[in-house]
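>>> sequence and predicted model, in that order:
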Amino acid sequence: MRFLFIWWISLPIYLFSQSIELLCKKFDSLNTLIRDQKIDTAIAKNIFRNLITSIKEQTKHLPYASEWIFPIQGYSPKYIGGRNGEGYIPQDYDYFTGNNHKAHPAHDIFIYDLNQDCLDDVKKQYVNVLSITEGVVVACAKEWDTTSTLRGGIYVWIYSPSEEALFYYAHLNTIQVDIGTVVHSGKVLGTVGRTGLNAYKKRSPTHLHLSMLSVKDNLPVPQNPYAKLCRAKCVP
């Protein structure tokens, strides 16, 4: 495989002086290369470390959220798939394998949508996806079509300084934020959808795919957020 070279890989010293928006755009570019398996893992890890260090520095003064917000408006932890969160299966998940990973270090949170039109069956409205904590949008994909093999579909990645973690919200129908957007807890990120290779199929109930990756030694490691999700504040 021919790996792409990024001109800024050799310039980590300048990252600290760059704006948060520019840093997030670079993170988004890196995330896309990793997702599509177009960059060597060692190179990707080096760039990731430099970028996340700078993003941490730029976001450390954001006001921390006092409590988590449940990520689907009008719903509660009882809609998390699997008994007691058993749908979370990290196995040997590695962020740097991109779209080719085999594990499921995530929770699927389902909505009432029997006819699979992405509308709540009772309210007949799209269902908002909310940011669990404060943070900044470091990556997103605003479009997806049914010929794509991308598993996450339309998605948003948010870095939270209070949790020192990345949150991944996937299978969205639409998103309402941009790369570099600073968000507060409870901010509407978009709406629940059915985008993504498997989420689009009839066999899949409509749901939000939620992952949390703690940043340890400046590299992403899966963390199970189930206990905190169960204590999160629900927004009607």
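That came through fine. Numbers count the residues shown, from 1 in each chain.
>>> what mean pLDDT does stretch 124-139 have?
Stretch 124-139 carries an average pLDDT of 98.
>>> of all the residues in it, which ones are buried?
Residues of stretch 124-139 classed as buried by neighbour count (16 or more other CB atoms under 10 Å): 126-139. Every residue, glycine included, has its C-beta placed from N, CA and C.
>>> give me the low-pLDDT residue ranges for this protein?
For the chain, applying pLDDT under 70 flags the ranges 1-18.
>>> quick one, longest helix in it?
Looking across the chain with DSSP state H, the single longest helix is helix 41-59.
>>> packing partners of it?
helix 20-35, strand 135-141, strand 154-160, strand 219-222 (3 or more CB pairs under 8 Å, 6 or more residues apart in numbering; DSSP states H and E).
>>> can you do 6 Å?
With contacts taken as 3 or more CB pairs under 6 Å, 6 or more residues apart in numbering; DSSP states H and E, helix 41-59 sits against helix 20-35.
>>> buried sites along the helix it packs on?
Those buried within helix 20-35 under the rule 16+ other CB under 10 Å are 20-31, 33-35.
>>> pull the CA atoms of that helix into CSV?
The C-alpha trace of helix 20-35 is given here as CSV (Å, rounded to 0.1, in the frame of the first residue of the first chain):
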residue,chain,number,x,y,z
ILE,A,20,-7.9,25.0,17.7
GLU,A,21,-9.8,25.1,14.4
LEU,A,22,-6.7,24.4,12.4
LEU,A,23,-5.6,21.6,14.8
CYS,A,24,-9.0,20.0,14.6
LYS,A,25,-8.9,20.1,10.8
LYS,A,26,-5.6,18.4,10.9
PHE,A,27,-7.0,15.8,13.3
ASP,A,28,-9.9,15.2,10.9
SER,A,29,-7.5,14.7,8.0
LEU,A,30,-5.5,12.2,10.1
ASN,A,31,-8.6,10.4,11.2
THR,A,32,-9.8,10.0,7.6
LEU,A,33,-6.4,8.6,6.6
ILE,A,34,-6.6,6.1,9.5
ARG,A,35,-10.2,5.3,8.8
